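Asks: here is a sequence together with a model predicted from it:
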Amino acid sequence: MATTSYKIWVYGTVQGVGFRYYTQARANELGVTGYAHNLQDGSVEVLAAGEEQQVQALIEWLKAGGPRSARVDKVLAEPHQPATFPARFTTG
């Protein structure tokens, strides 16, 4: 069962560079569930749910720049309590 959840907004060159798919792969490696969605302003919204240490590791990976194909300028993260915790990590 997930113990923590964060909503994360990632700004920079993060659309059209495989960012969501690399984020999904990293989340799966860490055992984190949630999603990565493109937003109309060119940013990506990430919901990350799971054990605190794994969620924090994903946030740190995003802050470090994510995949090499992306350019991350800013990452904002805040605790979030979803109505239900996601069963897996999705993109779309």
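Replies: Received the coordinates, thanks. Just so it is clear, the structure is predicted and the values come from calculations on it, not from any experiment. Residues are numbered from 1 along each chain as shown.

Asks: so what sits opposite residue 4 in the bridge?
Replies: According to DSSP bridges, the residues that bridge with residue 4 are residue 50.

Asks: burial count for it?
Replies: Applying the criterion other C-beta atoms under 10 Å, we find 18 residues in the vicinity of residue 4. (Glycine included, C-beta is placed from N, CA and C.)

Asks: how about residue 46?
Replies: Residue crowding around residue 46 was assessed by other C-beta under 10 Å; the count is 29.

Asks: so what's residue 59 up against?
Replies: 6, 8, 48, 75, 77 (C-beta atoms under 8 Å, 6 or more residues apart in numbering).

Asks: sticking with the closest residue to residue 78 other than its chain neighbours, tell me its helix or strand.
Replies: Taking C-beta to C-beta, 6 or more residues apart in numbering, and ignoring the residues beside it in sequence, residue 78 has residue 7 as its nearest neighbour in space, at 5.9 Å. Secondary structure from DSSP states H and E places residue 7 in strand 4-13.

Asks: next one: residue 67 from residue 5, what distance?
Replies: The spacing between residue 67 and residue 5, counted by C-beta to C-beta, to the nearest Å, is 23 Å.

Asks: whoops, residue 12 was the one
Replies: According to C-beta to C-beta, residue 12 and residue 5 sit 23 Å apart.

Asks: confirm residue 48 sits in a helix?
Replies: No. Counting by DSSP: H, G, I helix; E, B strand; the rest coil, residue 48 is not part of a helix but strand.

Asks: who's in contact with the residue most central in space within the chain?
Replies: Centroid check for the chain by C-alpha atoms, centre = their mean gives residue 46 as the closest residue, at 3.6 Å. By C-beta under 8 Å, 6+ apart, the contact set of residue 46 is 7, 8, 9, 10, 23, 34, 35, 36, 37, 58, 62.

Asks: leaving out the residues flanking it, which one is nearest to the fourth one?
Replies: Closest residue in space to residue 10, ignoring its immediate chain neighbours: residue 44 at 4.7 Å, by C-beta to C-beta, 6+ apart.

Asks: okay, and the beta partners of the one you found?
Replies: Counting by DSSP bridges, residue 44 is bridged to residue 10, residue 38.

Asks: can you count the residues close to it?
Replies: Other residues near residue 44 come to 25 when the count uses other C-beta under 10 Å.
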